[in-house]
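**Q** Here is the input, now give the coordinates:
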Amino acid sequence: MRQEIRLSSDSPADLPQEWYEQTGVATIPLIVNLKGESRKDWQEITPEEIFEVFQAEKIIPTTSAIPVGEYEEFFRCVSEDGQYPVVHFTIGGKISCTYQNACIAAQTLENIYIIDSESMSCGVGLQLIHAAQLRAQGLDAQALAKECDQWKRNVRTTAFLGSPAYMHKSGRCSAVSAMGANLLNIRPVMQMKEGTLSVHKKLRGKPLQVQQQYLEDLLAEPETIDPSLALLYHTGVTEEEFAAALDYVQGRGIFEEIITGRSGSVTSTHIGDKCLLLMFAKKPQQAVAD
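**A** Residues are numbered from 1 along each chain as shown. The predicted structure is shown next:
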């Protein structure tokens, strides 16, 4: 009889709560530190609160990785003291020490498999959805973890950053760059490649124009894209802007399913407000070529 596999992830996978409830996937929250208080992602703080404080006081929160001891307790709970194997997904190991801490904690139990997603936000969520599909196919935990660790290289992880003021205050660009971005309507597109986050492209124009340009660039070669699923998220764009983005992606007719949502507090802390994120997978042969 096949042993049940438990799936889990760090909270910034940012998938809808209903999905976690339907699949039984467990999450462990990272911490957001704001104005002397430490609060759990998705449970005790909202992105709206983060951005309200920034607008009023220009205060940027920080985030804290999950300590080894908390991971140990979490894995014992999810595995029911080692009765079930666990495959756990962390946010990118090069942007957070959660992966390292999770690996250390996993050594205290057997059959705990840790995947460094090399991604963030719904890019992690996309990998988690893929893992749930593989689990349904009957793979054992070791095979599932190996397949997921390979498949993650197909995921295209990007974010259109819409708030130069937040970027400057958080130290992600110089004062000159922030001023120039505001004056010239320049907005960067960030991309994660092999776990490293960097500026992929700079777009110029009004919000609706540059957001559509971001989407057009990503979807310029539909023949290279896995059409099964895309995740379209944001961190506080207007309803009009998000509706326009969704209409465009749907109108391209590339994807069989599009999941929409809003990124949580950890993701929002790191990339700011007014951001748009479109995540999907490339076809395997194309991912290798890229």
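**Q** mind showing which ranges of the stretch 151-290 of the chain have poor pLDDT?
**A** Applying pLDDT under 70 to the stretch 151-290 of the chain flags residues 171-184, 285-290.
**Q** in which helix or strand would I find the closest residue to residue 105 other than its chain neighbours?
**A** Excluding the flanking residues, the one nearest residue 105 by C-beta to C-beta, 6 or more residues apart in numbering is residue 71, at 3.4 Å. C-betas here are computed from N, CA, C, even on glycine. Using DSSP states H and E, residue 71 sits in helix 68-78.
**Q** what residues does that helix touch?
**A** With C-beta atoms under 8 Å, 6 or more residues apart in numbering as the contact definition, helix 68-78 has outside contacts at 6, 8, 26, 28, 66, 82, 84, 86, 88, 101-102, 104-106, 108-109, 112.
**Q** so what's the backbone phi/psi at the closest residue to residue 213 other than its chain neighbours?
**A** Closest residue to residue 213 apart from its sequence neighbours, by C-beta to C-beta, 6+ apart: residue 203 at 5.2 Å. Torsion angles at residue 203 (phi, psi; degrees, to the nearest 10) stand at phi -110, psi 150.
**Q** Please name the bridge partners of residue 203.
**A** Listed by DSSP bridges, the beta-bridge partners for residue 203 are residue 187.
**Q** what's the spacing between the closest residue to residue 108 other than its chain neighbours and residue 262?
**A** Closest residue in space to residue 108, ignoring its immediate chain neighbours: residue 72 at 5.3 Å, by C-beta to C-beta, 6+ apart. Relative to residue 262, residue 72 is positioned 31 Å away (criterion: C-beta to C-beta, to the nearest Å).
**Q** for residue 12, same thing?
**A** 12 Å.
**Q** where do the helices sit along this structure?
**A** For the chain, the helices defined by DSSP state H occupy 17-23, 47-57, 68-78, 98-106, 122-137, 141-151, 164-169, 175-184, 207-218, 239-252, 265-271, 284-289.
**Q** Let me have those helices in CSV, adding mean neighbour count and distance to residue 34 as columns.
**A** Putting these into CSV (neighbours: other C-beta atoms under 10 Å; distance: least, C-beta to C-beta, whole Å) gives the following:
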stretch, mean neighbour count, distance to residue 34
helix 17-23, 12, 22
helix 47-57, 15, 6
helix 68-78, 18, 20
helix 98-106, 21, 19
helix 122-137, 22, 23
helix 141-151, 17, 33
helix 164-169, 20, 14
helix 175-184, 13, 22
helix 207-218, 18, 26
helix 239-252, 14, 25
helix 265-271, 28, 8
helix 284-289, 12, 37
